[in-house]
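Asks: Prediction below, plus the sequence it came from.
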Amino acid sequence: MKKMKISIEFIDDNGESIVKTAGERDVPFWEEMEAKGFRDAFHDIETAALELTKEARDTAVEEYLAEASKKKRSQSDSQEATSSKRGI
């Protein structure tokens, strides 16, 4: 067996990584492909790719939205503190 690795990264305007996620799956290689047959081995590879892509994407988007929420909350708290200092 060999490994398939898929990673997803969100990068800000400065080139800094905001969120990075990766996952791995075992996939058949030459010996397993010969033993299983091409169609079955291809199915295993395709299934691994689809599942892994979905998991990595879902995790990355969830983490990205959590980071955006933290930033939004931080900005709101900062604005409220500034407003209360001004007596608004």
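Replies: Perfect, I can see it now.

Asks: use CA for all of it now, contacts and neighbours both
Replies: Fine.

Asks: so where do the helices sit in the protein?
Replies: For the chain, helices defined by DSSP state H occupy the ranges 30-36, 38-86.

Asks: In JSON lines: those, plus distance to G23 and mean pLDDT.
Replies: Below are those laid out as JSON lines (distance: least, C-alpha to C-alpha, whole Å; pLDDT from 0 to 100):
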{"stretch": "helix 30-36", "distance to G23": "22", "mean pLDDT": "92"}
{"stretch": "helix 38-86", "distance to G23": "6", "mean pLDDT": "87"}
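
Asks: Between the ones you listed, which one is closest to E9.
Replies: helix 38-86 (7.3 Å; C-alpha to C-alpha).

Asks: Can you check which of the helices of the chain gets nearest to N14?
Replies: helix 38-86 (16.2 Å).

Asks: where's the residue minimising distance to the centre of the chain relative to K36, distance?
Replies: By C-alpha atoms, centre = their mean, the chain has its centre lying nearest to A60, at 2.8 Å. Taking C-alpha to C-alpha, to the nearest Å as the measure, A60 falls 33 Å from K36.

Asks: circling back: so for S17, which of the helices of the chain sits nearest?
Replies: Judging the helices of the chain by C-alpha to C-alpha, what sits closest to S17 is helix 38-86, at 10.6 Å.

Asks: for that closest one, packing partners?
Replies: Judged by 3 or more C-alpha pairs under 8 Å, 6 or more residues apart in numbering; DSSP states H and E, helix 38-86 is in contact with strand 2-11, strand 17-27, helix 30-36.
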